[in-house]
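Visitor: Build me a structure from this.
(2 chains)
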Amino acid sequence: MWRCCLRLRDAGRRLLNQPRGALTASVGPGPNPLSAARAYAPPTERKRFYQNVSITQGEGGFEINLDHRKLKTPQAKLFTVPSEALAIAVATEWDSQQDTIKFYTMHLTTLCNTSLDNPTQRNKDQLIQAAVKFLDTDTICYRVEEPATLVELQRNEWDPVIEWAEQRYDVEIGSSTSIMGPSIPARTRDVLASHLASYNMWALQGIEFVVTQLKSMVLTLGLMDRRLTVEQAVLLSRLEEEYQIQKWGHVAWAHDYELQELRARTAAGTLFAHLCSESATVKHKLLQQ
Amino acid sequence: MAALGSPVRTLRGLLRELRHMNAATGRSYRDTAAYRYLVKAFRAHRVTSEKLCRAQHELHFQAATYLCLLRSIREHVALHQEFHGKGERSVEESAGLVGLKLPQQPGGKGWEP
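Guide: Numbering: from 1, shown residues only, chains lettered A, B, ... in the order given. Predicted coordinates:
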C-alpha cells in the first residue's frame, strides 16, 4: 500500500512541477533528476584557462594579468590591490593552481574580492561592531567547571593572553564559567572599537575574517599585535578540541582537515590585514634612509 | 612578542613550499616573482647589530604567517583529495566501509516497472 502512496506523491509532485518544468524545457534540456545537486558534492573547480600570471602596476594599485587578460572580481570590477607583496601573493595563488582552479584554497584572492566588491554592503562602523560583538561570546573568556584537568589547561593557556590584552589596551575583560559569559564593561568595547577604527577598510575586512574564524576577539588582537603566531592562536582557539582529541583519539579526515583549513584561513586573514595596513610603516622607513 | 625562531629557517621553509608549488609545472621556482620578492626582502632586512629591530620582527612575522598559509593550504588540499575530493560515497561504498554488503536479489525486487 505504501508503494501506491509513494506513486501518488510522485505524481502529485510532477503535477506541481509542471509549469516550472515547461519553462526550463524551453531554455534547454530539462534537469536530469539523477544529477541533482547532492548535499556533500565537492566544491566547484574550473579548468585552468591561462598559462602565465603576471603583475602590472596601474593607477589604482597592482593588477593581476592572466595571459593578457586582466583579473576581475565576481562583480566584474577590475582587481586591484594596494600593496605589491599582496599582489605577488595573489599571483602566486593563481600560478600555483595546477589542472583545475581550486577556489576554496585561494583565501587571499577571496579576501581581496570581498574588499573590492564589499558584497555585504557594510560600512566601517558596521564592520567594527561585528568584530567587537564577538567579545560577548569570546572563546577564551568562556570557561568550564569540570573536568579539573581541562579547567587547569584553560586557566594556564588562556589567562596569560587575557592578561596581556588587558594590560596592552588598559581595559578589563575577565572570564566566566556562567552560560551568560563574562560581563564586558562598556568602556572595554569603546576602547577596542576606537582601536579598530585606526585600521583602514581593507585591513578591517581581514580582521573581521580572522575574528569569525577564531571566534575570538582577544586572540585576533594578539595576532594583529604580533604577540601570537598563527599556529599558537589556532591552538588556543581549539584548546578544548585538542583536549578531547588527546582523550578520545584523533581522526585525520575531521580533526586534521579542520585544523589545516582553520590555520590557512587565519594565516590568510592575518597576512592580509598586515599587508593592507602596512603603507604607513614603509613610508617611515624611507624617511629614515 | 611571539617567538619565531631563526629567519633563515623561515626562509628555507618558504622556499620549500615554493618548490612544492612549482614541482608540477616543470619550471624552476627561482623564476617566480614570489621567489625574487622573498629573497630581496630577506636580504634587505638581514640581521643588524641591534638586539631587537622592530621592522625586522614585523617582516619576519609576515614571512612566518605566509609560510603557515602555504603549508596549511598544501596539507589541506592533500587531505581534501584523500578524503573529500570525490564527493559523496555511493550506498555500496558506504556499506563497504563498515564491512557490509548490499543484498543481492537475482530476479529484481519485484516492484520495478
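Visitor: which parts of chain B sit against chain A?
Guide: Selection of chain B residues close to chain A by Cβ under 8 Å from any Cβ of the partner chain yields B:1-2, B:4, B:18, B:21-22, B:24-25, B:32-34, B:37, B:41, B:55, B:57-58, B:61-62, B:64-66, B:68-69, B:72-73, B:75-77, B:79-80, B:82-88, B:111. The way it works is simple: take the backbone N, C-alpha and C, and place the C-beta from them, glycine included.
Visitor: go with 6 Å
Guide: B:2, B:21, B:24, B:33-34, B:37, B:61-62, B:65-66, B:68-69, B:72-73, B:75-77, B:79, B:83, B:85, B:87-88 (Cβ under 6 Å from any Cβ of the partner chain).
Visitor: How far off centre is stretch A:205-216?
Guide: Computed by Cα atoms, centre = their mean, to the nearest Å, the chain-centroid distance of stretch A:205-216 equals 6 Å.
Visitor: does chain B sit close to it?
Guide: No. Stretch A:205-216 stays clear of chain B (Cβ under 6 Å from any Cβ), getting no nearer than 10.9 Å.
Visitor: contact partners of that stretch?
Guide: A:111, A:114-115, A:127, A:130-131, A:134, A:138-140, A:217, A:220, A:237, A:265-266, A:269-270, A:272-273 (Cβ atoms under 6 Å, 6 or more residues apart in numbering or on different chains).
Visitor: rerun at 7 Å
Guide: A:111, A:114-115, A:127, A:130-131, A:134, A:138-140, A:196, A:199, A:217, A:220, A:223-224, A:233, A:237, A:262, A:265-266, A:269-270, A:272-273, A:276 (Cβ atoms under 7 Å, 6 or more residues apart in numbering or on different chains).
Visitor: can you check stretch B:22-37 too?
Guide: A:55, A:85, A:88, A:91, A:92, A:95, A:98, B:18, B:19.
Visitor: can we see that at 6 Å?
Guide: A:88, A:92, A:98, B:18, B:19.
Visitor: Write the ChimeraX selection for whichever of the contacts of stretch A:205-216 are buried.
Guide: With 16 or more other Cβ atoms under 10 Å in any protein chain shown as the burial test, the buried ones among those are selected in ChimeraX as follows:
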select /A:111,114,115,127,131,134,138,139,140,196,199,217,220,223,224,233,237,262,265,266,269,270,272,273,276
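Visitor: per-residue pLDDT, residue 31?
Guide: Going with chain A. pLDDT for residue A:31: 38.
Visitor: that answer is for a different chain, and I need it for chain B
Guide: For residue B:31, pLDDT reads 85.
Visitor: Kindly report the same for residue A:193.
Guide: 95.
Visitor: now do the one 10 residues further on
Guide: Note on residue A:203: pLDDT of 95.
Visitor: is any part of the host helix or strand of residue A:115 close to chain B?
Guide: Assigning secondary structure by DSSP states H and E places residue A:115 in helix A:107-117. No. Applying Cβ under 6 Å from any Cβ, one finds helix A:107-117 separated from chain B by no less than 7.3 Å.
Visitor: what mean pLDDT does that helix have?
Guide: Mean predicted lDDT for helix A:107-117 stands at 94.
Visitor: Which helix or strand lies directly C-terminal to it?
Guide: helix A:124-133.
Visitor: List the buried residues for that next one?
Guide: Result for helix A:124-133 [16+ other Cβ under 10 Å]: buried residues A:127, A:128, A:131, A:132.
Visitor: for stretch A:222-238, same thing?
Guide: A:222-224, A:226-238.
Visitor: what would the buried residues of helix A:124-133 look like in CSV with pLDDT and distance to residue A:46?
Guide: Listed next are the buried residues of helix A:124-133 as CSV, based on pLDDT from 0 to 100; distance: Cβ to Cβ, whole Å:
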residue, pLDDT, distance to residue A:46
A:127, 93, 30
A:128, 94, 35
A:131, 93, 32
A:132, 93, 37
